[in-house]
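Asks: Provide a 3D model corresponding to the input given below.
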Amino acid sequence: MRRSPGGALIAALVVAATAVAVVSGPHSATAAPTEPYTWKNVRIDGGGFVPGIVFNPGEKNLIYARTDIGGAYRWNQTAQSWTPLLDWVGQSDWGYNGVLSIAPDPVATNRVYAAVGMYTNSWDPNNGAILRSTDKGATWQKTALPFKVGGNMPGRGMGERLAVDPRNNRNVYFAAEGGNGLWRSTDFGVTWAKVSNFPNVGNYVQDPADTNGYLSQNQGLTWVTFDPGQAGSTASPAIYVGVADKENPVYRSLDSGATWERVAGQPTGYIAHKGVVQGKYLFIATSDTGGPYDGAAGQVARLDTTTGTWTDISPMPVADRYFGYSGLTVDAQKPGTLMVATQISWWPDAIFFRSTDYGATWTRIWDWNGYPSRTKRFTMDISANPWLDFNSTAQAPEESPKLGWMNESLAIDPFDSNRLLYGTGATVYGTTQLTNWDANTTFTIKPFAKGLEETAVLDLASPPTGAPLVSALGDIGGFHHADLDTVPANFHDTPALGSNTGIDFAEASPSFFVRVGNAPSDTGGAVPQHIGVSNDGGKTWYAGQEPAGITGGGNVAVGTDANAVVWSPVGAGVHYSTTRGSTWTASAGIPAGAKVESDRINPKTFYGYAGGKFYTSTDGGVTFTASSVGPGAIMPSTGRVNLKAVPGTAGEVWVAGETGLLRSTDSGATFTKVSTVTSGINVAFGKAAPGATRPAVFLVGTVDGVTGVFRSDNTGASWVRINDDQHQYGNAGDALAGDPRIWGRVYLGTNGRGILYADRTGGSASPSPSGSASASPSTSVSPSASVSPSVSVSPSVSVSPSVSVSPSVSVSPSPSTGAGGCTATYKVTGQWGGGFQGEVTVKNNGTATTGGWSVGWAYTGGQTVTQSWGGTATSVPSGTGTAVTVVNAGYNGALTSGASTTFGFLGSNTGTTNPVPSPITCSTR
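Replies: A predicted model of the protein is given here:
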């Protein structure tokens, strides 16, 4: 995953001399007062590149994974999940969440080391560091390096660049990029010095002409590995080092690092991504590039360390290779057994090769069986993370899900020949049946990604009804999160926009959502798409139209009544639509690239920010006017700036930036500075505290000299810090949303650690009695509902990834009956051959708040409910059809007098008609 950081962040670490002194960390700061909170990930599982998986050969089930922007993890065997290890990384040292290498100590197995830093160009202002831990990563100390480290740079899948000498574990080596050479610590990683006599710092550069410095760095040294020596041998065991130099890829020392030599006879023309020793052999896997996205040629080679003879043991002939090799691993329990992966084989899939005779012969994980058919030694089970099919209906020879891509990390458990784990560009896969391969018996591959959350979060929305959260994410688009603790089945689709960059909903009609994003690079010749529209709270989408010239999603704002949308895309100026995205007109008075936001009460009021100026529109985005801001408040002109309007209050908008937190109550005409806040990154609003009339304010910023996440229940007059130094999540906060239904809950977006949600420790995690009331009687918008006196939504709204609504969809409400003080209204919102989608509105007609509700009906036309949201559905066959009962979800059972909520469902239909059931019963408790 690659994402550039936004804005200016706190400056660099102290540059050390050649011998680098220890700097303790992480830094501890105290905010007063604090309030205890519980922080959890919204479950997605994976979502980014995992370039390294490392088993500790000295302790069973001790496994580490490293990511390029999301920190490092340790495997929890009991829970079958990953534990994050670097959540203490904060705004000032955010680059430490890029982990270039990780090295467990095979002797003192509580020890582990990590080389951290995200970019070696200007994007990361800090130098890199070596982290060390004596408690398996629960706590860390750090030593600053005098150069940068690139955990998210090209070549990051090579390695491991860090290694502990198993013969003397005081010695730790680091093979650095950037021409910085080989480094060594002789005191368990406390101090480091450059190995001055190492003869080659590398010379491979992916693109010397790249002006931003991302592709133009020397990828340097690539790995370190140790030969433990042969039993009975008097020779000094060797240290091997890989170098990103196609003519000189492997060096060694035979005297514990005192001298170094180029290994004679080695293969040339490629970069050695991996080097592994087993018995008397050194194995290397090579490619013509540093990866991880490319690589079209390579070989696998074996060095007999006793004779000095190299042998090409590549699984494929040269003429058949269209990939390089990486992901090299050996089976410690079965000498001679090794595996290697294609570094990148996009089509039709990755290929893994396995040998049980030291590479003399190989078998493939799949092979051709008369094009386009393939025979496979494996099956894929993605039921734990069903979105890994990428909403795809691939045609043979491609399949969905795929084995993966960017397979730089492939690791056989040194204690268990049946367990294999490997990283991809999206997840960690594995099997516990690997030796079935040798018996020609099928084995199952499945995700092993629980707890490993690596998405870059670009925007979040928490509407007053429907799902508690809808997200916009880098790379995998985003999700409709009906349950925060359950992995969603599908990411946003129809259209799929690649990285979704912005999302918003109509405050008074929150079924209407708009999301925008960057079109996938391969559009198959189709016109690129950058906008999706939803009428069912972000569950299903259809493509909107777009102005000419757009090259990226930018950001979007939806008017409170859904009758105006303002879009600020990349490549074109700000535009507005009064037709729900089917037509667009350029806005006047606001520059291209502005951030836009809608007033949450006034349907025609929109706000914008660009270049240190604030803009307001009172005509639905047709024209904008710059404000004078007012005395005492300085609008930020650089850095990370975010603006949010306050739900429930007309004309109130806040701006967070490097000049602090600014508040306007007159639609942006003037602002006052919130005196308690030094600087801000983002601001959001959530449900008011009990007895309070103003919404809770959430801030990512600096209060009283402490940077963190804060909540105020009195409009910023005072704050409580709700995170702590162990829960900082790097440069988090560019996406932030308060929950309008649960007091104290906040959703925090990170750049690589996924979405976090936080609740008050010991506080209620369920909505208050008024939390699920409808924002307005028109909360749900059906696909054919009128959106203005003259505009209707197209009848081709998608209701499933591959199904469109028929023009003849019935949307007539069913008869409804009341029982126990509530009524339920049933309607069909979409149907297709063999299936349909429906929605039921439940309204409390009584005078008391409900404790819960139950709705029932009977199908007589061969229908049944197959899936539901916003309520739990049970279908029971009856004498004349199917009886359906739906009870409330945890968040929408409490309805105040006159309040309503909705639940939706998908159904199947075996008959030729889809009659609306009658009666519909409703009861409360």
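
Asks: So Asp759 is in contact with Trp743, correct?
Replies: No - under the criterion of CB atoms under 8 Å, Asp759 lies out of contact with Trp743, with a separation of 9.6 Å. Placement of C-beta: from N, CA and C, glycine included.

Asks: Which one's more surrounded, these two?
Replies: For Asp759 versus Trp743, the count of surrounding residues by other CB atoms under 10 Å is larger for Trp743: 24 against 19.

Asks: so that one makes contact with Pro690?
Replies: Yes - the pair Trp743 and Pro690 qualifies as a contact (CB under 8 Å) at a distance of 6.7 Å.

Asks: what separates Asn168 from Val703, distance-wise?
Replies: The span separating Asn168 from Val703 equals 48 Å under the rule CB to CB, to the nearest Å.

Asks: Those two: which is more packed in?
Replies: Each of Asn168 and Val703 had its neighbours counted (other CB under 10 Å), and the higher figure belongs to Val703 (24 against 10).

Asks: What pairs with the helix or strand harbouring Gly327, parallel or antiparallel?
Replies: Gly327 is part of strand 325-330 when elements are defined by DSSP states H and E. Taking DSSP bridges as the criterion, strand 325-330 forms sheet pairs with strand 338-342 (antiparallel).

Asks: residues in contact with the strand it pairs with?
Replies: Applying CB atoms under 8 Å, 6 or more residues apart in numbering, the set of residues contacting strand 338-342 from outside is 276, 278, 283, 285, 300, 315, 323-331, 350-355, 358-359, 407-408, 410, 412, 420, 422.

Asks: can you pull the contacts of the residue nearest the centre of the chain?
Replies: Using CA atoms, centre = their mean, the residue of the chain that lies closest to the mean C-alpha position is Thr455, 0.9 Å off. Residues in contact with Thr455, defined by CB under 8 Å, 6+ apart, are Ile44, Gly47, Gly48, Leu473, Gly474, Asp475, Ile476, Gly752, Gly754, Ile755.

Asks: Spatially, what comes nearest to it if we skip its sequence neighbours?
Replies: Excluding its sequence neighbours, the residue lying closest to Thr455 (CB to CB, 6 or more residues apart in numbering) is Gly47, at 3.7 Å.

Asks: host element of Asn61?
Replies: Taking DSSP H and E as the definition, Asn61 sits outside all helices and strands.

Asks: residues near it, how many?
Replies: Should you count by other CB under 10 Å, Asn61 turns out to have 14 residues around it.

Asks: and it, what are its phi and psi?
Replies: Note on Asn61: its backbone torsions stand at phi 70, psi 10 [degrees, to the nearest 10].

Asks: That one touches Arg74, doesn't it?
Replies: No - counting by CB under 8 Å, Asn61 stays clear of Arg74, with 10.1 Å between them.

Asks: list the buried ones in stretch 607-616?
Replies: For stretch 607-616, burial by neighbour count (16 or more other CB atoms under 10 Å) applies to Tyr607, Gly608, Tyr609, Ala610, Lys613, Phe614, Tyr615, Thr616.

Asks: Stretch 597-608 too?
Replies: Buried positions in stretch 597-608, judged by neighbour count with 16+ other CB under 10 Å: Glu597, Ser598, Asp599, Arg600, Ile601, Asn602, Pro603, Lys604, Thr605, Phe606, Tyr607, Gly608.

Asks: now the third one: how far from Gly632?
Replies: What that stands for is Asp599. Separation of Asp599 from Gly632 (CB to CB) stands at 23 Å.

Asks: could you pull out the strands for the stretch 801-925 of the chain?
Replies: Shown for the stretch 801-925 of the chain, the strands assigned by DSSP state E, counting those that start in this stretch span residues 803-804, 818-819, 822-832, 835-844, 853-859, 863-869, 871-877, 882-888, 900-909, 921-924.

Asks: Val54: which of those strands is closest?
Replies: For Val54, the closest of those is strand 863-869, at 39.9 Å, according to CB to CB.

Asks: Show me the strands paired with the closest one, marking each as parallel or antiparallel.
Replies: According to DSSP bridges, strand 863-869 forms sheet pairs with strand 900-909 (antiparallel).

Asks: starting at the chain centroid, how far to the partner strand?
Replies: Using CA atoms, centre = their mean, to the nearest Å, we find the averaged C-alpha position of strand 900-909 to lie 29 Å away from the chain's own average C-alpha position.

Asks: For stretch 842-852, list the C-alpha coordinates in PDB.
Replies: As requested, C-alpha coordinates have been extracted for stretch 842-852 and formatted as PDB (Å, rounded to 0.1, in the frame of the first residue of the first chain):
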ATOM      1  CA  VAL A 842     -41.600   0.700  12.200                       C
ATOM      2  CA  LYS A 843     -43.300   3.700  14.000                       C
ATOM      3  CA  ASN A 844     -44.100   4.000  17.700                       C
ATOM      4  CA  ASN A 845     -47.600   5.400  18.000                       C
ATOM      5  CA  GLY A 846     -47.700   5.000  21.800                       C
ATOM      6  CA  THR A 847     -46.900   7.600  24.400                       C
ATOM      7  CA  ALA A 848     -44.000   5.700  26.100                       C
ATOM      8  CA  THR A 849     -40.600   4.800  24.800                       C
ATOM      9  CA  THR A 850     -40.400   1.200  23.500                       C
ATOM     10  CA  GLY A 851     -38.000  -1.300  24.900                       C
ATOM     11  CA  GLY A 852     -38.000  -3.200  21.600                       C
END
